[in-house]
Structures are given as C-alpha cells and as structure tokens.
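[1] After the sequence you'll find the predicted model.
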Amino acid sequence: HVQLVGSGGGLVQAGDSLRLSCVASGRTYSGRTFSSYAMGWFRQAPGKEREFVAGIGNGTDYADSVKGRCLISRDKSESTLSLQMNNLKPDDTAVYYCAARQWYWNSRRQSEYEYWGQGIEVTVSS
C-alpha cells in the first residue's frame, strides 16, 4: 500500500513563489520502484471541481493555467515529488493534492490515479 504525504502550503501574496512537496512510501505494485509510477498534482479551488495541474512520468505535462510558472520534478530517489510555483496569482488559491498511478505514462485523468495524498492548502492574496 502506497502512502503519499504532502507539505509546503501556506498563505502568500500575489507574485510570490511556493514549493509543494510530496513524499511517497510503502509497498509498490510488484515491488517496483516509484520511478515507474507516474505522479501528478491536482488542485481544487473553492466551489470548483478538482483539476489537473501538472504531471511527471514519461515526460512532464502542465495545465495551460500554470504553464511557464510551475515546475514539477522528482528527487534522485524518485520518491519525492515537488511542484515549484512562481508568480502566484489569486486564482491559484486551492487545496493541492499529489497523486500516483501504477503506470509510467502521464495522465490528466483523476480516475487513473490510485493513490492520493492529503490536501495542501495554498492561499494567494492579492
């Protein structure tokens, strides 16, 4: 069973930067390493549905709303996922979730991710 624990949220001002992290642990499918798992970040703003933000697996993928302002990455162990967010905007205010799926290929579909971390609150004031 895989556990994901996220951290790094908070209250920032518009234009600031913030780095979210997510540590993966536990028993993977067939003993594979986390490097074989695609991982991603999603977010849910107040009153809105949860949406894709960024993903990493067989490459990197970004939602248009964050492209050019965010960078998704993994550390060398492949078990820590990060999201560097720059030039934050009030529209970035949301609860952010990290997620992992048992396949290497990226996906923007929430239903294709088996494991989810707890929500991380990010508030951007204007």
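    Yep, that arrived.

[2] Which phi and psi values does the one residue sitting closest to the centre of the chain adopt?
    Residue closest to the mean C-alpha point of the chain, counted by Cα atoms, centre = their mean, is W41 at 2.2 Å. Backbone geometry at W41, expressed as degrees, to the nearest 10, gives phi -120, psi 140.

[3] swap in the one 3 residues further on?
    With angles defined as degrees, to the nearest 10, Q44 shows backbone torsions of phi -130, psi 110.

[4] burial of L11, as a residue count?
    Look at L11: counted by other Cβ atoms under 10 Å, it has 12 neighbours. Using the backbone N, CA and C atoms, a C-beta is placed for each residue, glycine as well.

[5] Make residue 1 into 13 and carry on from there
    Right, with 13 as the first residue, what we last looked at is L23.

[6] strands paired with the strand or helix carrying it, and their directions?
    Per DSSP states H and E: L23 is located in strand 22-25. Sheet pairing here is set by DSSP bridges, and for strand 22-25 it gives strand 132-137 (parallel).

[7] Can you check what pLDDT the model gives the residue located most distally from the centre of the chain?
    Distance from the C-alpha centroid of the chain, by Cα atoms, centre = their mean, peaks at S42 (23.8 Å). Per-residue confidence at S42 stands at 72 (pLDDT).

[8] burial count for G59?
    For G59, using other Cβ under 10 Å, the count is 5.

[9] Backbone dihedrals for it, please?
    According to degrees, to the nearest 10, G59 has phi 80, psi 10.
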